[in-house]
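Engineer: Compute the structure for the input listed below.
(chains A and B, ligands or ions: 1)
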Amino acid sequence: MSDQTEKEPNWKQDFPIERTQSTKVSRRDFARFLCLVSGGLAAGSAYVAVKANFFPPEEVKGEHFVCKAMEVPLGGTRSFVVEGSNIPYILIRLEDGNWRAYEQKCTHLSCAVYYKPGSGQIVCPCHEGFFDAMTGEVLAGPPPRPLPALEVLLNGDDVYVKAASPGHNKNITLKT
Amino acid sequence: MSNFKDAQNKAHPNKTNTLMSALIVILILNVSMQIWLLYTGLNNALGQNRDIALPAFIASLVLFLIGFFWLYFLPMGYRKNKKK
Ligand code: FES
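Structural biologist: Predicted coordinates for the structure are as follows:
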C-alpha cells in the first residue's frame, strides 16, 4: 500500500545485523571485552613488577627525633611524621615498657589504626583488623600484611626512630 | 581455498553456540587467574618480597596472549555472502 512497508524501518539501519547473527553479537563483544580486561590486568602486573624492581619505596634515612620519653605515658601513643615524607607513624609505649613505632596506615585499605590501651593490640576500626602491638603481625581481620615498623631508639630521655634494620623486622626491646 | 573458518561458519548454530560458551568460559578463567596473580604480586611487592612480581607479570602476559589468540576461534556468526 504505502511505501512505508517497503522502506526498511529505522531500527534496522541502527542495528543492521541479521537475526541469526544477532544471537552472537553480544557474546562476541563480551569475549572481546574479556580479552581487553585481560590485557589491562597484564599491564597492571607489569606496572607492579617495574615498580617493585626499579623504584622500590624509599627507606627512612637516618635517625629522627620524635619526642621526649616522659611525654608518652605507659600505654600511651603519639603520632608523628618523619621529615621529608608524609607517611603517618604511630609511636606506642606498651604497658610493659617496650617502645614500638609503626606506620599508621592499615595494610588493608589504609585506614588509620590506633593502639587499644591495655590490650597489646593495634586496631583498625574500618573492618575490624587487629595487629599485634609487639610485632606488627596481623592477628585478625582482613589486613594481608603486617604493619611496617620502624626501630625505636632511646637516647637518654629522647625517643628516636630509624628504619628497621634489614632481616630484623621486629623492633628491638628497650626497657626504661 | 577453504579453511576451518568456512566450515565453522557453516556449522549448525548449536555447535557454534557451544563453542562460543566454551571460549568465554576459558577467557573468564584466564581473567580470574590474572586477578589472582595481580593481587599476589602486589601484596608481595608491598610486603618487601619483590621476587614474585616479575614471574606474576610473565604469567599474566602469557595468559593474556592465550586469550588474545583464542579470539581467532570465535565463531563469526552467519555472514551474508558478500561476493556474488
Ligand atoms: S582498612 Fe583496616 S581492616 Fe580494612
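Engineer: In contact with the most centrally placed residue in chain B, which residues are there?
Structural biologist: Residue closest to the average C-alpha location in chain B (Cα atoms, centre = their mean): residue B:67, at 2.2 Å. Taking Cβ atoms under 8 Å, 6 or more residues apart in numbering or on different chains as the criterion, residue B:67 is in contact with A:34-35, A:38, B:26-27, B:30-31. Quick note: C-beta positions are derived from backbone N, CA and C, even for glycine.
Engineer: which one among those residues gets closest to residue A:109?
Structural biologist: The closest of these to residue A:109 turns out to be residue B:31 (Cβ to Cβ; 23.0 Å).
Engineer: Touching, the closest one and residue A:34? I think so.
Structural biologist: Yes - the pair residue B:31 and residue A:34 passes the contact test of Cβ atoms under 8 Å, sitting 5.8 Å apart.
Engineer: Tell me which other helices or strands the longest helix seen in chain A touches.
Structural biologist: Counting by DSSP state H, the longest helix found in chain A is helix A:19-54. Packing partners of helix A:19-54 (3 or more Cβ pairs under 8 Å, 6 or more residues apart in numbering or on different chains; DSSP states H and E): helix B:13-46, helix B:53-70.
Engineer: is chain B contacted by stretch A:145-162?
Structural biologist: Yes - looking at stretch A:145-162 against chain B by Cβ under 8 Å from any Cβ of the partner chain, the contacts come from A:145-146.
Engineer: Any idea how far that stretch is from the middle of the chain?
Structural biologist: The chain centre lies 21 Å from the centre of stretch A:145-162; the measure is Cα atoms, centre = their mean, to the nearest Å.
Engineer: got the CA positions of it in PDB?
Structural biologist: C-alpha atoms of stretch A:145-162 as PDB (Å, rounded to 0.1, in the frame of the first residue of the first chain):
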ATOM      1  CA  ARG A 145      50.400  -7.900  55.600                       C
ATOM      2  CA  PRO A 146      51.900  -6.900  59.000                       C
ATOM      3  CA  LEU A 147      52.300  -3.200  59.700                       C
ATOM      4  CA  PRO A 148      55.600  -1.800  58.500                       C
ATOM      5  CA  ALA A 149      57.700  -1.000  61.500                       C
ATOM      6  CA  LEU A 150      60.400   1.500  62.500                       C
ATOM      7  CA  GLU A 151      63.000   0.800  65.000                       C
ATOM      8  CA  VAL A 152      62.800   2.900  68.200                       C
ATOM      9  CA  LEU A 153      66.000   4.100  69.900                       C
ATOM     10  CA  LEU A 154      66.100   5.700  73.300                       C
ATOM     11  CA  ASN A 155      68.900   8.200  73.900                       C
ATOM     12  CA  GLY A 156      68.600   9.300  77.400                       C
ATOM     13  CA  ASP A 157      65.200  10.800  77.600                       C
ATOM     14  CA  ASP A 158      64.900  11.400  73.800                       C
ATOM     15  CA  VAL A 159      63.000   9.000  71.600                       C
ATOM     16  CA  TYR A 160      64.400   8.400  68.100                       C
ATOM     17  CA  VAL A 161      63.200   6.300  65.200                       C
ATOM     18  CA  LYS A 162      65.200   4.800  62.300                       C
END
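Engineer: Just the buried residues of that stretch, please?
Structural biologist: Buried residues in stretch A:145-162, defined by neighbour count with 16 or more other Cβ atoms under 10 Å in any protein chain shown: A:145-153, A:159-162.
Engineer: Could you list the domains of chain A?
Structural biologist: As assigned by automatic domain parsing, chain A contains the domains A:3-54, A:64-163.
Engineer: Check the offset of the shortest one from the chain's centre.
Structural biologist: For domain A:3-54, the gap between its own C-alpha mean and the chain's C-alpha mean amounts to 33 Å (Cα atoms, centre = their mean).
Engineer: which residues in chain A form strands?
Structural biologist: For chain A, the strands defined by DSSP state E occupy A:64-68, A:77-81, A:88-93, A:99-103, A:114-116, A:121-124, A:129-132, A:138-140, A:149-155, A:158-163.
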